[in-house]
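[1] prediction below, plus the sequence it came from.
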Amino acid sequence: MTDQSIKAVMPATTEVMEQDSVVDSLLASDAATSDGCHAGAEKMRDAASRVGKSEVLDRYAEDYPTGPHDQPQSMCPAFGSLRVGLRMRRTATILSGSACCVYGLTFTSHFYGARRSVGYVPFDSETLVTGKLFEDIREAVHKMADPDKYDAVVITNLCVPTASGVPLQLLPKQINGVRIIGIDVPGFGVPTHAEAKDVLAGAMLRYARTEAEQGPVQAPREGRSERPTVALTGEMFPADPVIIGSLLEPMGLSAGPVVPTREWRELYSALDCAVVGAIHPFYTSVFREFTAAGRPIVGSAPVGREGTAAWLESIGEVLGIKSNKVGAAKNRFLPAIAGALAGAPINGRITLSGYEGSELLVARLLIESGADLRYVGSACPQTRYAESDRQWLEAKGVQVQFRASLEQDLAAMAEYQPDLVVGTTPVVQKAKESGIPALYFTNLISARPLMGPAGAGSLAQVINGAMGSQSRFDAMREFFEDVGSADKAGIWQELPRTQDEFRQQYRRKHQRKSGKVEAGVGI
């Protein structure tokens with residue numbers, strides 16, 4: 001591929017499809033394609049089920065339950081799986097979806113530092129319903145499958161191709177020794193971008209596990225560890241795996257690869273671990289593959305003094321490590337963690353929300369730092385590997401909300417009147433509009449070390465600095481007090497008149513179209 005951000009991978013010729021059933025299934029997908037992306041989640045889900053995608057959608061519904069709310073208000077989920085592929089060495093990525101979606105995903109990826117081209121297989125209504133799109137995808141992966149450049153090619157169906165039943169499972173499993181990984185990541189089936197990471201990581205781990213079961217596989221780049229390893233799940237600050245390795249050293253263990261991995265061969269090393277540390281607890285598909293490989297899984301993470309002690313004890317118990325070795329690890333690090341917490345206290349009331357999956361870990365660290373944390377909301381689902389963290393937080397009086405919606409995060413802010421709001425972009429925006437200091441979780445909180453002694457003191461400076469800015473917010477609110485807000489913002493000789501009759505008419509029309517009445521929702 002060239003060094004363009006997006007490269008359209010177009011076939012030079014059209015081959016006759018060998019699978020006539022594929023054409024038949026795609027011809028049945030008119031319900032999804034007539035309205036395209038605007039058909040709505042329910043309509044697209046029904047269409048996908050009718051054209052052979054019911055199995056994958058049922059699996060997603062089981063792995064990623066939405067709970068009492070529809071999917072949280074987050075970015076397109078496919079960004080998560082796209083990010084995983086772009087961070088891996090010798091891995092090519094191709095998207096199949098609407099052009100506007102592909103543009104947005106590639107823009108976001110490069111905004112977050114991706115320096116690699118993204119393949120794109122375009123389509124129109126004709127190629128979608130006649131099966132030509134599948135031919136184009138098949139030719140694209142053949143073009144990309146260069147063993148001198150790639151270990152794997154990842155092709156992702158976005159919403160419309162998934163709803164239309166484009167059958168990526170019929171692609172070859174490998175071409176010229178290059179693995180072909182096809183996944184469906186529709187916005188109507190995968191709730192968050194965090195869980196889309198699990199979709200691709202789980203598919204890769206399943207492929208690697210099958211390879212390992214069939215015979216010898218490629219050795220790790222740095223060689224196989226002489227000690228039993230603890231594989232880790234979840235993207236984290238680069239220093240954290242190193243810190244975890246130092247915590248494990250007195251117990252005769254070392255930190256293994258982090259899944260999602262940065263290279264294909266690391267998948268084999270991850271499967272070769274003694275135990276899995278579910279640092280981020282929502283990797284359901286990944287955990288299924290580790291369980292199939294016979295690897296035990298331990299939840300939570302070594303955050304704060306209490307969290308580190310409990311995690312080391314759990315690892316030692318699962319692996320049958322003698323108590324004196326576990327005690328040696330605790331004696332070496334717990335005093336340092338306690339000292340770091342005492343030396344960097346946090347004083348103030350905080351509400352916390354995010355969509356990365358590490359929200360409960362950050363919440364634990366804030367409480368051990370002295371913060372008055374009242375609420376933690378995560379867009380990710382409740383899983384058994386988050387139970388110990390949930391129980392610990394609720395015992396401290398914290399309201400824990402999984403699958404948190406924007407409305408729930410805002411309601412918590414209104415109820416608890418915090419000194420600082422840590423949250424997603426719209427939550428931070430609302431907090432600042434209300435004159436409350438706020439920090440964006442993803443860029444300012446989760447992008448810091450959380451584990452061990454380094455994590456213990458990492459949050460205080462940015463948290464205390466933000467809370468100390470209250471006087472500036474007060475000054476700004478006073479300065480702009482008379483300029484109005486929303487549609488009345490600005491300086492007017494005469495304030496705009498509110499056209500209530502038109503608003504009510506629009507509201508009724510909107511409610512009839514959506515088929516539901518949302519009481520109290522303003523227009």
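    Received, thanks. Numbers count the residues shown, from 1 in each chain.
[2] use CA for all of it now, contacts and neighbours both
    Fine.
[3] now stretch 362-375, how far from the centre of its chain.
    Taking Cα atoms, centre = their mean, to the nearest Å, one finds the center of stretch 362-375 at 23 Å from the center of the full chain.
[4] and it, what's its mean pLDDT?
    The average pLDDT within stretch 362-375 is 96.
[5] what does that stretch rub up against?
    303-305, 307, 341-342, 344-353, 376, 389, 393, 397-401, 412, 416, 446, 450, 456, 459-460 (Cα atoms under 8 Å, 6 or more residues apart in numbering).
[6] from these, keep the buried residues only.
    Listed as buried from the contacts of stretch 362-375 are 303-305, 307, 341, 344-347, 349-353, 376, 389, 393, 398-401, 412, 446, 450, 456, 459-460; burial here means 16 or more other Cα atoms under 10 Å.
[7] so, low pLDDT: which residues of the chain?
    Across the chain, the stretches falling below the confidence threshold (pLDDT under 70) are 1-40, 67-73, 482, 484-488, 495, 510-523.
[8] next, name the residue at the spatial heart of it.
    The chain has Ala194 as the residue nearest its centroid, 1.1 Å off, counting by Cα atoms, centre = their mean.
[9] tell me the secondary structure for it?
    Secondary structure for Ala194, judged by DSSP: H, G, I helix; E, B strand; the rest coil, is helix.
[10] follow-up on the earlier one: so which of the buried ones among the contacts of stretch 362-375 belong to helices?
    Of the buried ones among the contacts of stretch 362-375, the ones assigned to helices by DSSP state H are 304-305, 307, 341, 389, 393, 412, 456, 460.
[11] farthest pair in those residues?
    Taking every pair in those and measuring Cα to Cα, the maximum separation is 27.5 Å, between Arg305 and Ala412.
[12] of the ones in helices among the buried ones among the contacts of stretch 362-375, closest to Val129?
    Minimum distance to Val129 across these is 46.6 Å, recorded for Ala412 (Cα to Cα).
[13] that closest one: what's it in contact with?
    Counting by Cα under 8 Å, 6+ apart, Ala412 touches 351, 375.
[14] strands along the stretch 51-200 of the chain, start to end?
    Under the criterion DSSP state E, counting those that start in this stretch, the stretch 51-200 of the chain carries strands at the ranges 91-96, 118-120, 152-157, 174-175, 178-184.
[15] an error on my part: the question was meant for the stretch 201-350 of the chain.
    With DSSP E, counting those that start in this stretch, the ranges of strands along the stretch 201-350 of the chain come out as 229-233, 254-259, 275-278, 297-299, 349-354.
[16] only alpha carbons, please: show the last one as CSV.
    Spelled out, that is strand 349-354. Written as CSV, here are the backbone C-alpha positions of strand 349-354 (Å, rounded to 0.1, in the frame of the first residue of the first chain):
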residue,chain,number,x,y,z
ARG,A,349,-15.5,15.3,46.2
ILE,A,350,-15.3,13.6,42.8
THR,A,351,-17.6,11.9,40.3
LEU,A,352,-15.9,9.6,37.7
SER,A,353,-17.1,8.1,34.4
GLY,A,354,-15.5,6.8,31.3
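[17] what sits up against that strand?
    Residues outside strand 349-354 that contact it (Cα under 8 Å, 6+ apart) are 359, 363, 371-379, 409, 412-413, 416-424, 441-442.
[18] kindly report the same for the second one.
    Judged by Cα under 8 Å, 6+ apart, the contacts made with strand 254-259 from elsewhere in the structure are 201, 225, 227-235, 241-242, 244-246, 248, 266-267, 269-270, 273.
[19] pull up the pairing partners for it, direction included.
    When sheet partners are counted by DSSP bridges, strand 254-259 sits next to strand 229-233 (parallel).
[20] ok, Ser125 - how many residues close by?
    The number of residues packed around Ser125, counting by other Cα atoms under 10 Å, is 12.
[21] ok, now how distant is it from Glu387?
    Ser125 sits 46 Å away from Glu387, taking Cα to Cα, to the nearest Å as the criterion.
[22] with Met476 instead?
    The value you get for Met476 to Glu387, if Cα to Cα is used, is 42 Å.
[23] for Thr233, same thing?
    With distances taken as Cα to Cα, Thr233 is found 16 Å from Glu387.
[24] which one's more surrounded, those two?
    In this comparison of Thr233 against Glu387, neighbours counted by other Cα under 10 Å, the higher total goes to Thr233 at 24 against 14.
[25] list the residues that contact Ser187.
    I think there's a mix-up here, since residue 187 is Gly and not Ser. Applying Cα under 8 Å, 6+ apart to Gly187 gives the contacts 41, 76-78, 158-159.
[26] of the residues you listed - the most surrounded one?
    Among these, where neighbours are counted by other Cα under 10 Å, the top count belongs to Ala78, at 30 neighbours.
[27] pretty sure it contacts Ala196?
    Yes - in this structure Ala78 lies within contact range of Ala196 using Cα atoms under 8 Å: 6.1 Å.
[28] state the helix or strand in which Arg364 lies.
    Secondary structure from DSSP states H and E places Arg364 in helix 359-368.
[29] ok, which stretches of the stretch 401-523 of the chain are helices?
    Using DSSP state H, counting those that start in this stretch, the helices of the stretch 401-523 of the chain run over residues 406-416, 425-433, 452-456, 460-467, 470-479, 500-514.
[30] for those helices, which one ends up most surrounded?
    Comparing the helices of the stretch 401-523 of the chain on average neighbours per residue, with mean count of other Cα atoms under 10 Å, the densest one is helix 452-456 at a mean of 24.
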